[in-house]
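1. Got a predicted model here, sequence first, then my questions.
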Amino acid sequence: MDTSAPLLGEPLPIELMNTLWGDRGGVHDALDGSAGAEAWLRAVLPRIEPMTASDLDALPKEDLDHLARRLLGLRDALRRLAAEATGDLRPAAAAPIRELEAAVAVVNEAARAVPRWSALTWTPGEAAGRLTHADGRAADATVSAIAEEAIDLFCGDDRLRLRACPAPGCVLYFRKDHPRREWCSAACGNRARAARHYRRHRHPVS
């Protein structure tokens, strides 16, 4: 099962924010249920430490349900923080978490849920490497890793590059990684240009 969420190559916390997405049919939630959460995790698994495909395969249903709830809560908190950082006023994009302090508390709770640490690996004749280890359940470690990356995002220069896509009907966020980038994707850019063209050329109704 593939995730329905658009994957735009953004930092992982932004990819998580964008599991809430919109099209002409309205706003959709790619984390709607455990199956949706699992599909999204499998799509981004190469970017998540310390969870592996074997860890995900071995999760009992109870843990997968727990992970889905944790991801959903973190997603909603991150969208509230993104709205604060970007001045986002799009009604359809609004997170169910209204208070900034509540969103911060969710991210901090997720980040501290599981201790994680790095271990150096070095085989003679090869480059040094890093392995990430974590205590506790793999599900909690996964959410903790995304929350840590989110804290880096909001505390670093990327916060100043975070944008809410202004295309009609879009509820996604993106990192402005080029001075001329205005939308989350080429499709949104085309939609926005088409809408502008229509507004300029439509005839008033008599």
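-> Looks like it came in fine. Residues are numbered from 1 along each chain as shown.
2. Please report the distance of residue 5 from residue 15.
-> Distance of residue 5 to residue 15, given as Cβ to Cβ, to the nearest Å: 7 Å. For the C-beta atoms, the positions are set from N, CA and C on the backbone; glycine is no exception.
3. likewise residue 89?
-> Counting by Cβ to Cβ, the gap from residue 89 to residue 15 is 23 Å.
4. what about these two, which has more around it?
-> Between residue 89 and residue 15, residue 15 has the larger neighbour count (other Cβ atoms under 10 Å), namely 23 against 9.
5. show me the contacts for the more buried one.
-> Residues near residue 15 by Cβ atoms under 8 Å, 6 or more residues apart in numbering: 5, 7, 8, 44.
6. Now do the SS call for it.
-> helix (DSSP: H, G, I helix; E, B strand; the rest coil).
7. looking just at contacts, which helices and strands does the top helix by length along the chain meet?
-> In the chain, assigned by DSSP state H, the helix with the most residues is helix 61-86. On a contact count with 3 or more Cβ pairs under 8 Å, 6 or more residues apart in numbering; DSSP states H and E, helix 61-86 meets helix 12-17, helix 34-44, helix 100-111, helix 138-155, strand 162-164, strand 173-175.
8. That one: which residues count as buried?
-> For helix 61-86, a neighbour-count test (16 or more other Cβ atoms under 10 Å) marks 63-64, 66-68, 70-83, 85-86 as buried.
9. And residue 160, its phi and psi?
-> phi -70, psi -20 (degrees, to the nearest 10).
10. hang on, the earlier thing: okay if I get the helices and strands packed on helix 61-86 as CSV plus mean pLDDT?
-> Formatted as CSV, the helices and strands packed on helix 61-86 follow (pLDDT from 0 to 100):
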stretch, mean pLDDT
helix 12-17, 98
helix 34-44, 96
helix 100-111, 96
helix 138-155, 92
strand 162-164, 97
strand 173-175, 98
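11. The ones you listed: which one's closest to residue 123?
-> Closest to residue 123 of these is helix 138-155 (Cβ to Cβ; 25.1 Å).
12. Can you name every helix or strand that that closest one contacts?
-> Contact partners of helix 138-155 among helices and strands, from 3+ Cβ pairs under 8 Å, 6+ apart: helix 12-17, helix 61-86, helix 100-111, strand 116-121, strand 129-134.
13. now with 6 Å?
-> helix 12-17, helix 61-86, helix 100-111 (3 or more Cβ pairs under 6 Å, 6 or more residues apart in numbering; DSSP states H and E).
14. Convert it to CSV, retaining C-alpha atoms only.
-> Presented in CSV, the C-alpha positions along helix 138-155 are these (Å, rounded to 0.1, in the frame of the first residue of the first chain):
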residue,chain,number,x,y,z
ALA,A,138,10.7,1.4,18.2
ALA,A,139,7.4,3.2,17.7
ASP,A,140,8.2,5.8,20.4
ALA,A,141,11.8,6.1,19.1
THR,A,142,10.5,6.9,15.7
VAL,A,143,8.3,9.7,16.9
SER,A,144,11.1,11.0,19.1
ALA,A,145,13.5,11.2,16.1
ILE,A,146,11.0,13.2,14.0
ALA,A,147,10.3,15.5,17.0
GLU,A,148,14.1,16.1,17.5
GLU,A,149,14.4,17.0,13.8
ALA,A,150,11.4,19.3,14.1
ILE,A,151,13.1,21.2,17.0
ASP,A,152,16.2,21.6,14.7
LEU,A,153,13.9,22.9,12.0
PHE,A,154,12.1,25.5,14.1
CYS,A,155,15.3,26.6,15.9
